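3D model of this:
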Amino acid sequence: MPTNKQQLLDNRPEGEAVAGNFRLVTTQTPELGDGQVLVRHHYLSLDPYMRGRMNDAKSYAQPQALGQVMQGGTAGEVVESRSPRFAVGDKVVGLGGWQEYSVVDGSQPGLLRKVDTTHVPLSYYLGAVGMPGVTAWYGLTKIIAPKKGETLVVSAASGAVGSAFGALARARGCRVVGIAGGPDKCRYAVKELGFDACIDYRQHPDVGSLGEALKDTCPAGVDGHFENVGGYILDAVMLRTNAFARIALCGMIAGYDGQPLPMAHPVLILANRMKIEGFIVSEHMDVWPEALQELAALVAAGKLRPRESIAQGIESAPAAFLGLLKGRNFGKQLVKLI
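I've put the predicted structure just below:
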């Protein structure tokens, strides 16, 4: 059995996460038991939610355990199988974590899923046609529930979730405005993803300035918003909301280091009879097949062209993850292992 390099959570962050919170180890992959499969990971998924799980704090999920492999999505290939459900060579996605190999019980539903890479690249199953894409689909269809012609805004617009949201919203005939960091990301959102407009938040570092930019790009106001960041970005969008606006609250990356994120104008929730709903996409597995089917069709039709930032090797995972938290990635952040 092969040796296996793993990234462990060695200690918890005190404020901002740092490379010293992680530890790289090499272990021996165990022999397979009946019903088990050995998966060689081709890609690891790095996602903002992982930062919250590094803290020992009450949340929707148990904190990441110290001394254990960092949890996260993986895409790879079955290289050995003692399960009738999986054959050597099957391309699969699962939750193998930050390591080169994983041993998975093939009889447990939901732990491992075979995927078709004929028309969709394997890496996309960790992004546009995976959890991030389904996240965008759920927030759009089940919370915002837009009508044709409405104006929708999404923060972190060039990322894995934001780019999928834009394609899905455009397919429903909505006007879509993104918020992203830097001219390159905004240009990508408009030119390649089909956004109607994109605001560079780095040029608008406060509520007043960003609010004015939103006024220019959303002259009819904002009917729906998909929030990934929080902080002053959410405050600025709320100032532009119309009556009965809907906000899908997916992430608050601005507060992942522990600082409070007070809301500047909560009275708008009442004044605009606003709906704000947070959600965790893993609690809605029943919608995944429908969402994945639409997302795969958008990719196949060229209507969703996701970008990827790819770091090389398991050793690069901590630095790539810390860069993701700073917005240094362009599109879905992955680590390639082969």
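
identify the residues contacting the helix-or-strand element of the chain with minimal mean pLDDT?
Of all the helices and strands that make up the chain, helix 49-53 has the lowest average by mean pLDDT, DSSP states H and E, namely a mean of 91. With contacts defined as Cβ atoms under 8 Å, 6 or more residues apart in numbering, helix 49-53 is touched by 17, 59, 61-64, 70-72, 251, 253, 256-257, 321, 325. C-betas here are computed from N, CA, C, even on glycine.

per-residue confidence at the closest residue to residue 25 other than its chain neighbours?
Counting by Cβ to Cβ, 6 or more residues apart in numbering, the nearest residue to residue 25 once its immediate chain neighbours are dropped is residue 6, at 5.4 Å. Predicted confidence (pLDDT) for residue 6: 98.

list the buried residues in the one helix or strand residue 6 maps to.
Counting by DSSP states H and E, the element that carries residue 6 is strand 3-9. Within strand 3-9, the residues scored as buried using 16 or more other Cβ atoms under 10 Å are 4-9.

and for residue 303, the neighbour number?
A count of nearby residues for residue 303, using other Cβ atoms under 10 Å, gives 15.

who's in contact with it?
For residue 303, the contacting residues are 167, 170-171, 194, taking Cβ under 8 Å, 6+ apart as the criterion.

pull the most distant pair out of these.
Using Cβ to Cβ, the contacts of residue 303 reach their maximum pairwise distance at 171 and 194, which is 9.5 Å.

quick revisit: most neighbours out of the contacts of helix 49-53, which is it?
When neighbours are counted as other Cβ under 10 Å, the busiest of the contacts of helix 49-53 turns out to be residue 321, with 28 neighbours.

what packs against the host helix or strand of residue 153?
Remark: residue 153 resides in strand 151-155, with elements defined by DSSP H and E. Judged by 3 or more Cβ pairs under 8 Å, 6 or more residues apart in numbering; DSSP states H and E, the packing partners of strand 151-155 are helix 160-171, strand 175-180, strand 222-227, helix 232-239.

tell me the angle the first one makes with strand 222-227.
Spelled out, it's helix 160-171. With axes from the mean of the first three to the mean of the last three Cα atoms, to 10 degrees as the basis, helix 160-171 and strand 222-227 are set at 150 degrees to each other.

just the second one next, same as before
With the same axes, to 10 degrees defining the directions, strand 175-180 sits at 40 degrees from strand 222-227.

for strand 175-180, which outside residues touch it?
Under the criterion Cβ under 8 Å, 6+ apart, residues 149-158, 162, 165-166, 169-170, 186, 189-190, 193-201, 210, 214, 217-218, 220, 222, 229, 233, 237 lie in contact with strand 175-180.

by how many degrees do whatever helix or strand comes next after that strand and helix 160-171 diverge?
Reading on from strand 175-180 to the C-terminus, the next helix or strand found by DSSP H and E is helix 183-191. Relative orientation of helix 183-191 and helix 160-171, computed by the same axes, to 10 degrees: 30 degrees.

could I get the average pLDDT for helix 183-191?
Confidence over helix 183-191, taken as the mean pLDDT, stands at 95.

quick one on the thing from earlier: pick the one among the contacts of residue 303 closest to residue 119.
Distances from residue 119 to these, taken as Cβ to Cβ, are shortest for residue 167 (16.1 Å).
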